[in-house]
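> I would like the atomic coordinates for the input below:
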Amino acid sequence: MKNEEYPDAITKAACRWLLSGGLPGAYTGPDPGLSHDLSSLLAREMGRKDINLSAAAAWFRQEQIIRIALRRIAESGVEVWAFKGFDLARSVYPFPGGRPMCDADLFIEEKNRQKILNIFCRSGWSKGSPGDGIFNTGIVSEMKLYRHGAMVELHTHIFYFPATFPGRLPADLFENGRLLEPGLMGFAWHNALLMVLLHMLTNIRIRPVWWVDICMLCTKISKAGTWAEFARNAFETKLGSSIAKLLETASVELEASVPESVTEVLRVTDSGREDIIEKLKSGRRVPTLLNLRYLTGWRRISWFYALFWLVLTGQHPLRRE
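Sure, this is the predicted structure:
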C-alpha cells in the first residue's frame, strides 16, 4: 500500500474524536482548513458556522429532492438500499452534514430494476449515462439520475462492470436490513462495511472520509457481534487479502476495533484473481479485454454491441464518471 493511501493526521484525529464519543469541544487534532475531505465534519469544532450550515443545508436539500421518489417506492411495495454516504451520514456520523457526498448511492435488486427506474422517472428524474440498454442488460451496474441539481446513482452491483468481479456478493445482502425511512433500507452492519471496502479497492485514490466510514462501521459490527458473518462474506468475494490490508491499516492507524482473527483468515486468501483490482485501477474505465474475458453468453454479444456503438457515434456510453 502506497504512503498516500494511509490515513493522514487529521483523519486519525477525527477517528479518535468520534470513537471517544464525538463530544463538542473534544477534538484535539490539526485544523482541516477549508479543502480537506473532513472539513464539514470538523466545522463545528473549528467554529466555522458557514461550513457547518452549508453542509447541513446541502444534505437537507438532497434528502428532500429524493424523498418523493422514496415515498412512491415504499407505496409500490419494493425498497432501495442506501449505501456509502447516503446511509452512513445518518447512521454513524454525529450529524448528517458531517459526511460529505456528491450524490446519493442506492443499491437495488435486479428484479426491481425497471420498476424503480419507472418510479424515479415519474417523480421527475432524468436518466443520465450509460443508457437504458447497457444498464438493463447488466453489462454495467450503474445508472445516473438527475433532478434539480441532485444526482442519484442506482447500482445493481458494487463493480461497475459486474463480469469482472472475481467472487460473490453476500448471499444475505438484502436480509436483516435497517429501516432508514419508508422505502429506504440500510445494509446490515457487516455488509455495509464490506461494500465500503469493495468500493475503496476499485479506486486509485482513497478519500479520508472512507477511512472514517470504516472506523465507525467496525464499532457497529463489534457491538452487533457479526464479525463472523463479515469474514464469511468477505472470504467469498475472493478479494480477502486486499480487504485484510485495508482493515489492518484501519486497526493500526485508526485504532478501529478489528479482530485479529478476521484479518488472519482473510490474509491467507489467495484466489489468484486479486490482480483484477490493479487492472481495473489502471484502466480508463471503458470496456476492456478484462471485461470481455469474464463475460459469457448473451452478455458477451451485448459487449460487442456496446463497443460498436462507442466507435460508431464517437461517444463514451460506458465511461465511468
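> What backbone torsions are found at the nearest residue to His155 once chain neighbours are set aside?
With sequence-adjacent residues excluded and distances taken as CB to CB, 6 or more residues apart in numbering, His155 is closest to Phe107, at 5.0 Å. Any C-beta I mention is one placed from the backbone N, CA and C, and that applies to glycine too. Phi and psi for Phe107, reported as degrees, to the nearest 10, are phi -100, psi 140.
> Count residues in the vicinity of Phe107, would you?
25 (other CB atoms under 10 Å).
> dump the residue contacts of it.
Contact partners of Phe107, counting by CB atoms under 8 Å, 6 or more residues apart in numbering, are Val80, Trp81, Ala82, Phe83, Leu154, His155, Thr156, Leu173, Phe187, Met195.
> and if we set it to 10 Å?
Applying CB atoms under 10 Å, 6 or more residues apart in numbering, one finds that Phe107 lies in contact with 79-84, 87, 141, 153-158, 169, 173-174, 185, 187, 191, 195.
> in this protein, which spans are helices?
Per DSSP state H, the chain carries helices over the ranges 9-19, 49-76, 85-91, 113-122, 132-136, 189-201, 208-224, 227-236, 240-254, 260-267, 275-282, 289-294, 297-313.
> Let me know which of these is the nearest to Asp31.
With CB to CB, the closest approach to Asp31 among these belongs to helix 9-19: 8.2 Å.
> which residues of the stretch 51-200 of the chain score low on pLDDT?
Scanning the stretch 51-200 of the chain for pLDDT under 70 picks out 129-131.
> Apply 80 and report the result again.
129-134 (pLDDT under 80).
> Can you give me the buried ones in stretch 162-169?
Neighbour-count burial for stretch 162-169, counted by 16 or more other CB atoms under 10 Å, picks out Pro162, Ala163, Thr164, Phe165, Pro166, Gly167, Leu169.
> Turn those residues into TSV, including distance to Leu180.
As requested, the buried residues of stretch 162-169 are arranged in TSV below (distance: CB to CB, whole Å):
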residue	distance to Leu180
Pro162	25
Ala163	30
Thr164	30
Phe165	26
Pro166	30
Gly167	27
Leu169	20
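> Thr263 and Ser35, how far apart?
Distance from Thr263 to Ser35, counting by CB to CB, to the nearest Å: 33 Å.
> more crowded one of those two?
Neighbour comparison, Thr263 and Ser35: the larger count goes to Thr263, with 22 against 6 (by other CB under 10 Å).
> Is it correct that that one is in contact with Phe230?
No. Thr263 lies out of contact with Phe230 (CB atoms under 10 Å); the separation is 11.0 Å.
> Mutual contacts of those two, please.
In contact with both Thr263 and Phe230: Ile243, Leu247, using CB under 10 Å, 6+ apart.
> Assess the claim that Ile277 and Thr202 are in contact.
Yes. Taking contacts as CB under 10 Å, Ile277 lies within contact range of Thr202: 6.6 Å.
> Give me the common contacts of those two.
With CB under 10 Å, 6+ apart applied, the overlap between the contact sets of Ile277 and Thr202 consists of Phe159, Thr164.
> Span of stretch 100-116 from start to end?
26 Å (CA to CA, to the nearest Å).
> now that stretch, how far from the chain's geometric center?
11 Å (CA atoms, centre = their mean, to the nearest Å).
> Find the residue closest to the spatially most central residue of the chain in space, skipping its chain neighbours.
With distances taken as CA atoms, centre = their mean, the residue of the chain nearest its centroid is Lys84 (4.0 Å). If the residues on either side of it in the chain are set aside, Lys84 comes closest to Asp105, at 4.8 Å by CB to CB, 6+ apart.
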